[in-house]
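*Asks:* Got a predicted structure plus its sequence, pasted below:
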Amino acid sequence: MPAAGGAFAAARQPAIWNRPLLEPRILRLHAENAAFLADRIAMARDGPNERALDLFDLEARLGGHLAALRRAGAAGLEAALMALDAEPGPGEILVAATLSLGHRPEDDLCVHLPGRLLVPAAAPAIGAALALLDPPRIGPRLRAWLDGDDPLSVLAALGACGRLRADPGPRLAPLLRHGAAPVAARAVRLAGELGRADLGAPILDRLGSCPEAPRAAVLLGERHHAPPHLLPRDPGAPPGRWREAAELLPLAVPPAAASAEIARLLGHPATRRWAVVAAGALGLPETLDWLIAQMEDPLLARSAGLAFGQITGARLGPDNLERATFPEDPEDPVADACRLERSIESHAYWPDPEKCGAWLAKRRAGLGAGERHLLGAAAWTHAAPPEPGHRTQLQLRALSLEIACRSPSAPLPDWRAPVRLGPDGFGRG
């Protein structure tokens, strides 16, 4: 028989069975997997096939890895910093910054990341990490960084405001003319995203000097001075800027003017991709036969398939409009110059021109000539905000721009916001 009180004495001992087991190799795997998922999510948020369900799954998996690293405390942060040292990519920066911002109270950004990574290119990942903090921690940190003297901290804080659709209020106007050009450009972009029509005049003053000003001005309702500045003059400008311009220009000018710009883009090999993207945004049924013809060109086929679906609502995979055999990926300097474009290209369907032509022949009568269409319906009929459940992320991107151009004083709907599962299905927020 055990000694009296033995069982009770054991019960009074501190419980150790539920303490985290700090195995460095496991923590390193958590850090590496979290970085991979963060990077994958960044691409999937503008993906041609990914839907809310896919984002919900990816975000939940990322949250699990981050929770394990947070649970490990300083050891989790050390694992994230080791992964960052080995591979300093955007995903690794986001994970390390998320752990550091949550674990350390200091406001100075230099405390949280190695000095070699404190460059403007890291700001989006740092801003994304800031946006992942608990709400009580976000506000004070945002205010401290927006009011600070460190341009990178201000840039990251503006990025977090964009992700959260959080309006900095009177802090935003002075930042439009910040001495650091990347900060001023991000402030201008944020003003457009937030529908800050009160800042329209200073943004118009920046049309010729700030690459973000034309897009912001158009989102704020300007239709005279800004549209001519939307398309970059340099065919070799960053693909991200080209895509945004090609998606937005047809929504800001009359169809005849948009068609003329599309024809001009077709005249240069480096901008033909953007001509196809712009044709999809224009949405005229008269362009569908031309888009089917572009499906014969391996460089343009998948972009043409996406544009065809954007206008008609055709689902190339479920509707069996894909090729039976896929060509080899061609060398594409435009897509290869941008991670997002390469991701879109690699995840899009290869359309079959004959199948798409036969599909269209049965439905052409339902597409009114001369009227802009989006996903098989007149563009003006789509409700706001867009329903996320059954739309792809690239479709939600198009819907968000359509809705934003109708309501210039309202924030741009955020198709990249985290996915939430509620009683009525998937939502954003």
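*Replies:* Nice, I can see it.
*Asks:* which residues touch the nearest residue to Gly317 once chain neighbours are set aside?
*Replies:* What sits nearest to Gly317 in space, not counting adjacent residues and going by Cβ to Cβ, 6 or more residues apart in numbering, is Tyr349, at 5.4 Å. C-beta here means a position set from N, CA and C on the backbone, and glycine is covered the same way. Tyr349 makes contact with 48-49, 302, 305, 316-317, 321-322, according to Cβ atoms under 8 Å, 6 or more residues apart in numbering.
*Asks:* which stretches of the stretch 201-350 of the chain aren't confidently modelled?
*Replies:* Within the stretch 201-350 of the chain, not a single segment meets pLDDT under 70.
*Asks:* circling back: can you list which of the contacts of Tyr349 are found in helices?
*Replies:* Of the positions in the contacts of Tyr349, 302, 305 sit in helices, assigned by DSSP state H.
*Asks:* Make a ChimeraX selection of the buried ones in the contacts of Tyr349.
*Replies:* A single ChimeraX command selects the buried members of these (16 or more other Cβ atoms under 10 Å):
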select :48,49,302,305,316,321,322
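*Asks:* Make JSON lines out of the contacts of Tyr349 and add distance to Gly73.
*Replies:* JSON lines is the format used below for those (distance: Cβ to Cβ, whole Å):
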{"residue": "Pro48", "distance to Gly73": "40"}
{"residue": "Asn49", "distance to Gly73": "38"}
{"residue": "Arg302", "distance to Gly73": "46"}
{"residue": "Gly305", "distance to Gly73": "49"}
{"residue": "Leu316", "distance to Gly73": "48"}
{"residue": "Gly317", "distance to Gly73": "45"}
{"residue": "Leu321", "distance to Gly73": "52"}
{"residue": "Glu322", "distance to Gly73": "49"}
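*Asks:* Burial check on the residue lying closest to Cys338 once chain neighbours are set aside, number of neighbours?
*Replies:* Computed as Cβ to Cβ, 6+ apart, the closest residue to Cys338 that is not its neighbour in sequence is Pro239, at 3.7 Å. Pro239: 22 surrounding residues under other Cβ atoms under 10 Å.
*Asks:* Contact partners for Pro239?
*Replies:* Taking Cβ under 8 Å, 6+ apart, we find Pro239 in contact with 334-335, 337-338, 340-341.
*Asks:* how about the strands in the protein?
*Replies:* 373-374, 377-378, 419-422, 425-428 (DSSP state E).
*Asks:* List the contacts of the second one.
*Replies:* Which is strand 377-378. Contacts for strand 377-378 (Cβ under 8 Å, 6+ apart): 313, 368, 371-372.
*Asks:* Relative to it, what are the paired strands and their orientations?
*Replies:* Using DSSP bridges, strand 377-378 pairs in its sheet with strand 373-374 (antiparallel).
*Asks:* try the last one
*Replies:* Neighbouring strands of strand 425-428 in its sheet, by DSSP bridges, are strand 419-422 (antiparallel).
*Asks:* Name the residues that touch stretch 399-413?
*Replies:* 165, 192-195, 197, 218-221, 247-248, 251-252, 281, 374-375, 379-380, 382, 384-386, 391, 396, 414-415.
*Asks:* Hmm, Leu62 is touching Ile41, no?
*Replies:* Yes: between Leu62 and Ile41 there is a contact under Cβ atoms under 8 Å: 6.4 Å.
*Asks:* Let me have the contacts of Pro239 in TSV, extended by distance to Pro202 and neighbour count.
*Replies:* Output for these, formatted as TSV (distance: Cβ to Cβ, whole Å; neighbours: other Cβ atoms under 10 Å):
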residue	distance to Pro202	neighbour count
Val334	33	21
Ala335	35	22
Ala337	32	14
Cys338	30	17
Leu340	30	16
Glu341	32	20
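*Asks:* quick one: which two of those are the most distant?
*Replies:* Greatest spatial distance in those: Val334 and Leu340, 11.9 Å, computed using Cβ to Cβ.
*Asks:* Neighbours of Asp149, how many?
*Replies:* Neighbour count of Asp149, defined by other Cβ under 10 Å: 6.
*Asks:* That one and Gly76: what is the separation?
*Replies:* Distance, Asp149 to Gly76, using Cβ to Cβ, to the nearest Å: 31 Å.
*Asks:* next one: Ala256
*Replies:* 58 Å.
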